[in-house]
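Novice: Provided below are the primary sequence and the corresponding predicted coordinates.
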Amino acid sequence: MKRIYYLVRKEFRQILREPAYIGILFIMPVVQIILLGYAITTDVKNIKVGIVDLDQSPMSERLVEAYTRNNSFIYYGSTDDERVLIRWLDDGRISLGMVIPLHFQRDLINGRQPDVQMVLDGVDGNSAGVVAAYAAQVTVALQKEWLPKVPPLQKKAAALHITTIEPRMWYNPDLKSVNNIVPGIIATLLTMVTLLVTAMSIVREKELGTLEQLMVTPLRKGELMIGKIIPFEIAGFLLVNVSILAAGWIFGIWIVGSVWTLYLMSLIFSLSTLGVGILTSTMARTQQQAMFIAWFFMVFSLLLSGFFIPIKNMPDIIQGLTYLNPMRYFMVVIREIYLKGTPLEFLWKEGVAMLTFGVASFVLATVRFSKRIG
Amino acid sequence: MNEFAVSVKDLTRTFGDFTAVDHISFNVARGEIFGFLGANGAGKTTTIRMLCGLLMPSSGMARVAGLDVYSAYEQIKQRIGYMSQKFSLYEDLTVRENIEFYGGIYGLNRRQIRQKTAELVQYLGLEKQVDQLTRSLPLGWKQRMALSAAILHDPDIIFLDEPTSGVDPVSRRNFWLLIYELADRGKTIFVTTHYMDEAEYCHRLSIMKDGRIVELDEPRRLKERYGRETMQEVFMEIVNRKGEQ
């Protein structure tokens, strides 16, 4: 026990003396939250629209106006040549091109359902999907406005009892991406410190030769492992708190649920990342190698965590794979706690899953560590 | 319990097809300064690592301080000091913090650590540098400090793996003065080196080549037997002659 105390003390001295660690602990969370919070947004804003209005009727003008008035869209220009519209799209000057056909108003009044053509820049599939949805919203709103005025439609509406869906978004009423991003960043940062930095710290001692020196002292391998884990677990805990404060002060996003539940879940989650970190240190000889291996793990767990890409959008096989990724559960848990305030009793399944992975990777790491190190 | 500090018989270590250490046998008496010479890759470091419990032998027998390296390697660690060619102190800790850390690892209590620190600092003449980062010390001092840190727990046997590589001649001499002092206090010193002048300081020398011990005797007797003036010449002759096979 005493030996562990001296190890932890030494480790903290080194951490506090290394400006890079201070940067990782206190500056990185803030910078990441600011950068990613503003940058990673699935909200699509400032969609440039180009329009070909072949009808030039009051109703077609009303349609154009509906788009130009909407905050998500910016009116780029009108033309009467479809080829010009396509060129605008090719040049990237607009991302949505709309073609209103001739006799739009007449057909509409006669109940003949004219087709308005929307041409989308599909290079970024995600954004295109969002743009299409926004465009549909605008159109639906306009239809509601017109329904009572157009006699044939009026009759149809009465007959059909048109059901309208009015979505109410709970927990994240503005559907702001940043609300989802901040919990994700906390998970990412926690992984980074407990996985990457732990691995680097052990491998660094390998490179320097101090690890070999430690192995000829009576220090046991188990003690060495614990002595390496405690400092970075504490560092990770600090980092979580710095992130919580940064998210609160910068974006006004404060945790809705219990912070204690979050702490508990973070602790359980970091068991698995620490395990992988130690595993990494047994595989790498140099800090560069450790970095590569750790990144490999991190990119996979990030991509399959549902942070950027919703898991439900993934193919079935990949969805199955995500169940092997501890970060997947943590991402769910932290979002639930953060945005919904979900209490512990509804999160125990994720907790048990993370604990299982944590214990497994830890046992594996301990076995490999005692065989390989030294 | 035999009276030898280190006793080795037919010790062998293979890495795949490669035999790094090939059936070597020797005994080292207590209080002896035992030199281990050989070109790079001759198997010196592998031997030391096996004796320190860092590496399991493939076969053969080895006892350190009367303890078996296969079964009692944890106890062996309490009885030996080890210093490798790699610098073993933490450069981002101060001299005092390094001593405190290694003292703590070796199980000394606070009072002992404080006492040892004062002793060491005075002995090495580091009063002014005690709270400086170890990084800022000259290499010669660092090496002597590393040795001092490796023997904080007062071990019987000290293994030194090329302890003076890269150090200037004056510092090397100081380092050897320290080694002699330790031997005078009854410590057994097991040292590998590339410097032939250092080899002359040893009580006995073993010369390794391709995993085997090809010569084992006192430096004086080796020189007589080969009719040479210096160990340098003896060493070159042995390495070259037996290399042509």
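Specialist: Arrived safely, thanks for sending. Numbering: from 1, shown residues only, chains lettered A, B, ... in the order given.

Novice: which residues of the stretch 1-150 of chain A score low on pLDDT?
Specialist: A:40-43, A:148-150 (pLDDT under 70).

Novice: could you say which helix or strand contains the residue nearest in space to the middle of chain B?
Specialist: The centre of chain B sits closest to residue B:160, judged by CA atoms, centre = their mean, with a distance of 1.6 Å. For residue B:160, the element it lies in under DSSP states H and E is strand B:157-161.

Novice: moving C-terminal of that strand, what's the next helix or strand?
Specialist: Downstream of strand B:157-161 (by DSSP H and E), the next one is helix B:169-184.

Novice: ok, residues contacting that following helix?
Specialist: Residues outside helix B:169-184 that contact it (CB atoms under 8 Å, 6 or more residues apart in numbering or on different chains) are B:31-33, B:138-141, B:143-144, B:147, B:151, B:158, B:160, B:163-164, B:167, B:189, B:191, B:195, B:198, B:201. C-beta coordinates here come from the backbone N, C-alpha and C atoms, glycine included.

Novice: follow-up on the earlier one: by how many degrees do the strand holding residue B:160 and helix B:169-184 diverge?
Specialist: 160 degrees (axes from the mean of the first three to the mean of the last three CA atoms, to 10 degrees).

Novice: so how far is strand B:157-161 off the chain centroid?
Specialist: 3 Å (CA atoms, centre = their mean, to the nearest Å).

Novice: helices or strands next to it in the packing?
Specialist: helix B:44-51, strand B:80-83, helix B:139-150, strand B:188-192 (3 or more CB pairs under 8 Å, 6 or more residues apart in numbering or on different chains; DSSP states H and E).

Novice: Output the third one as CSV, restricted to C-alpha atoms.
Specialist: So the one you mean is helix B:139-150. Provided in CSV are the C-alpha atoms of helix B:139-150 (Å, rounded to 0.1, in the frame of the first residue of the first chain):
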residue,chain,number,x,y,z
LEU,B,139,25.7,13.0,-16.6
GLY,B,140,28.5,11.9,-14.3
TRP,B,141,26.6,13.1,-11.3
LYS,B,142,23.4,11.5,-12.6
GLN,B,143,25.1,8.1,-12.9
ARG,B,144,26.4,8.3,-9.4
MET,B,145,23.0,9.4,-8.1
ALA,B,146,21.4,6.6,-10.1
LEU,B,147,23.7,4.1,-8.4
SER,B,148,23.0,5.6,-5.0
ALA,B,149,19.2,5.4,-5.6
ALA,B,150,19.6,1.8,-6.7
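
Novice: mind listing what's buried in stretch B:69-84?
Specialist: The neighbour-count check on stretch B:69-84 (16 or more other CB atoms under 10 Å in any protein chain shown) flags B:69, B:72-73, B:76-84 as buried.

Novice: can you redo the helices and strands packed on strand B:157-161 as JSON lines with mean pLDDT?
Specialist: Formatted as JSON lines, the helices and strands packed on strand B:157-161 follow (pLDDT from 0 to 100):
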{"stretch": "helix B:44-51", "mean pLDDT": "91"}
{"stretch": "strand B:80-83", "mean pLDDT": "92"}
{"stretch": "helix B:139-150", "mean pLDDT": "86"}
{"stretch": "strand B:188-192", "mean pLDDT": "93"}
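
Novice: In a markdown table: those, plus distance to chain A.
Specialist: Listed next are these as a markdown table, based on distance: least, CB to the nearest CB, whole Å:
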| stretch | distance to chain A |
| --- | --- |
| helix B:44-51 | 9 |
| strand B:80-83 | 4 |
| helix B:139-150 | 7 |
| strand B:188-192 | 13 |
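
Novice: would JSON lines of the ones you listed with distance to residue A:241 be doable?
Specialist: Output for the helices and strands packed on strand B:157-161, formatted as JSON lines (distance: least, CB to CB, whole Å):
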{"stretch": "helix B:44-51", "distance to residue A:241": "44"}
{"stretch": "strand B:80-83", "distance to residue A:241": "41"}
{"stretch": "helix B:139-150", "distance to residue A:241": "37"}
{"stretch": "strand B:188-192", "distance to residue A:241": "50"}
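
Novice: can you tell which of those is closest to residue A:78?
Specialist: Of all the helices and strands packed on strand B:157-161, it is helix B:139-150 that lies closest to residue A:78, at 77.5 Å by CB to CB.

Novice: Which of the helices or strands spans the residue in the stretch 1-150 of chain A that chain B sits nearest to?
Specialist: Nearest residue of the stretch 1-150 of chain A to chain B, counting by CB to the nearest CB: residue A:6, 3.0 Å away. If you go by DSSP H and E, residue A:6 is part of helix A:2-17.

Novice: Return that helix as PDB; C-alpha atoms alone will do.
Specialist: This file holds the C-alpha atoms of helix A:2-17, laid out as PDB (Å, rounded to 0.1, in the frame of the first residue of the first chain):
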ATOM      1  CA  LYS A   2       2.800   2.400   0.900                       C
ATOM      2  CA  ARG A   3       4.500   1.700  -2.300                       C
ATOM      3  CA  ILE A   4       1.300   2.700  -4.200                       C
ATOM      4  CA  TYR A   5       1.200   5.900  -2.300                       C
ATOM      5  CA  TYR A   6       4.700   6.800  -3.400                       C
ATOM      6  CA  LEU A   7       3.900   5.800  -7.000                       C
ATOM      7  CA  VAL A   8       0.800   8.000  -7.100                       C
ATOM      8  CA  ARG A   9       2.600  10.900  -5.600                       C
ATOM      9  CA  LYS A  10       5.400  10.600  -8.100                       C
ATOM     10  CA  GLU A  11       2.900  10.400 -10.900                       C
ATOM     11  CA  PHE A  12       1.100  13.600  -9.800                       C
ATOM     12  CA  ARG A  13       4.400  15.400  -9.500                       C
ATOM     13  CA  GLN A  14       5.200  14.500 -13.100                       C
ATOM     14  CA  ILE A  15       1.700  15.400 -14.300                       C
ATOM     15  CA  LEU A  16       1.800  18.800 -12.700                       C
ATOM     16  CA  ARG A  17       5.200  19.500 -14.000                       C
END
